[in-house]
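A.B. asks: Let me see the structure of the following:
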Amino acid sequence: MALLTQDQKDQFWRNGVLLIEDGITPGEVARLKEVFSDWVEESRNHSSDYGETLDGRLRFDLQPGHSAEKPALRRVQSPEEVSDVFAELMRNASTVDYCAELIGPGIRFHHGKVNSKLPGSATEVKWHQDFPFEPMTNDDMITCLLFIDDVTLENGPLEVIPGSHKGPLYPHWHDGLFTGAVADEIVERHRDQIVKCTGRAGSVCLMHASLLHGSAPNMSDRPRTLYITTYYAEDAIELSPNHLPSRFTHDLVRGEASGRVRCTPYELRLPAVPKATSFFAQQEGNDVQQ
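C.D. replies: Residues are numbered from 1 along each chain as shown. Below is the predicted model of the structure:
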């Protein structure tokens, strides 16, 4: 039985974004919260990024200003590699079925991460599109943002420009540096179209990988934590090194392998592979240029 109505499918393809309440159960939210809270407590014992991912980079990304008294764990790379709770939801949450109905029936896992803005966090996500970070032979690719906390207008919600997935793939290189962001004038051109995506914990926001989006700092007293997973049509092939490789990368999570590749026309400059812990360093200009 289909989980999405035809109206919801039409909305996704029209706007490039779809918010669904109760994407996971309260029990699943509680388990995710518990695991992430443990990671925050662990981060108090560290003064710099730590852990290790499959490609040798650091797994736990601490925002500048982090301290034991005021922890600021802002990202966990590939959390499904180090948590059975996250691994289970990556494969079996309703989120996966939503993606299968939109770009399936066969879909593969691309990467996962936790992005968190703890209270008072200065972390800002500059405006960008995901696809230029992860080009494939076709763009049937969805980024799923699962709300572990309530997301409000005050705690740095996702901001999107509906319909921008139908437009060009904008440059994310500036002055010879891959900044992971589009030029400010592009956002200003669409300023009056910006929509903020809010919802209670357990909601999921499905976002086309070519959609323009960003988010402001969290200046509230409430956290805003997301589990973000990306899935793609199984007949696509990756064209540049995965920025967040894990042992689950390219796993077939729904449907069957077709043994075919599908290509759609587009042109972009390949991204620089990050050497620092995460893409935040690229957006802050602190990563090593390649």
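A.B. asks: can you give me the strands for this structure?
C.D. replies: All strands of the chain, identified by DSSP state E, fall at 17-20, 60-62, 73-77, 107-117, 125-128, 141-147, 158-160, 173-174, 177-178, 195-197, 204-208, 213-215, 224-233, 252-254.
A.B. asks: who's in contact with Asp192?
C.D. replies: Listed by C-beta atoms under 8 Å, 6 or more residues apart in numbering, the contact set of Asp192 is empty. The way it works is simple: take the backbone N, C-alpha and C, and place the C-beta from them, glycine included.
A.B. asks: The chain should start at 668 in everything you say after this.
C.D. replies: Let's use 668 as the start, then, which means that last one is Asp859.
A.B. asks: And it, how far from Asp751?
C.D. replies: 45 Å (C-beta to C-beta, to the nearest Å).
A.B. asks: tell me the contacts of the residue nearest the centre of the chain?
C.D. replies: Closest to where the C-alpha atoms of the chain average out (C-alpha atoms, centre = their mean) is Ile895, at 4.2 Å. By C-beta under 8 Å, 6+ apart, the contact set of Ile895 is 779-782, 810-813.
A.B. asks: do you know how far it is from Arg711?
C.D. replies: Taking C-beta to C-beta as the measure, Ile895 falls 24 Å from Arg711.
A.B. asks: again with Met808
C.D. replies: Distance, Met808 to Arg711, using C-beta to C-beta: 36 Å.
A.B. asks: more crowded one of the two?
C.D. replies: More crowded of Met808 and Arg711, by other C-beta atoms under 10 Å: Met808, with 24 against 14.
A.B. asks: doesn't Asp902 make contact with that one?
C.D. replies: No. Under the criterion of C-beta atoms under 8 Å, Met808 makes no contact with Asp902, lying 11.8 Å away.
A.B. asks: List the buried residues for the lengthiest helix in the chain?
C.D. replies: With secondary structure taken from DSSP state H, the chain has its longest helix at helix 693-710. Buried residues in helix 693-710, counted by 16 or more other C-beta atoms under 10 Å: 695-696, 698-700, 702-703, 706-707, 710.
A.B. asks: Most widely separated two among the residues you listed?
C.D. replies: Glu695 and Ser710 (23.0 Å; C-beta to C-beta).
A.B. asks: still on that earlier bit, list just the nearest of the contacts of Ile895 to Pro835.
C.D. replies: Relative to Pro835, the closest of the contacts of Ile895 is Thr810; by C-beta to C-beta it sits at 18.5 Å.
A.B. asks: Now do the contacts for the closest one.
C.D. replies: Taking C-beta under 8 Å, 6+ apart, we find Thr810 in contact with 797, 873-876, 895-897.
A.B. asks: distance of the closest residue to Asn682 other than its chain neighbours from His875?
C.D. replies: In this structure, Asn682 finds its nearest non-sequential neighbour in Pro829, 3.9 Å apart by C-beta to C-beta, 6 or more residues apart in numbering. Distance check for Pro829 against His875: by C-beta to C-beta, it reads 10 Å.
A.B. asks: same thing with Pro802?
C.D. replies: Taken as C-beta to C-beta, the span from Pro802 to His875 is 14 Å.
A.B. asks: Tell me where the model's unsure across the stretch 818-957 of the chain.
C.D. replies: Low-confidence segments of the stretch 818-957 of the chain, defined by pLDDT under 70: 944-957.
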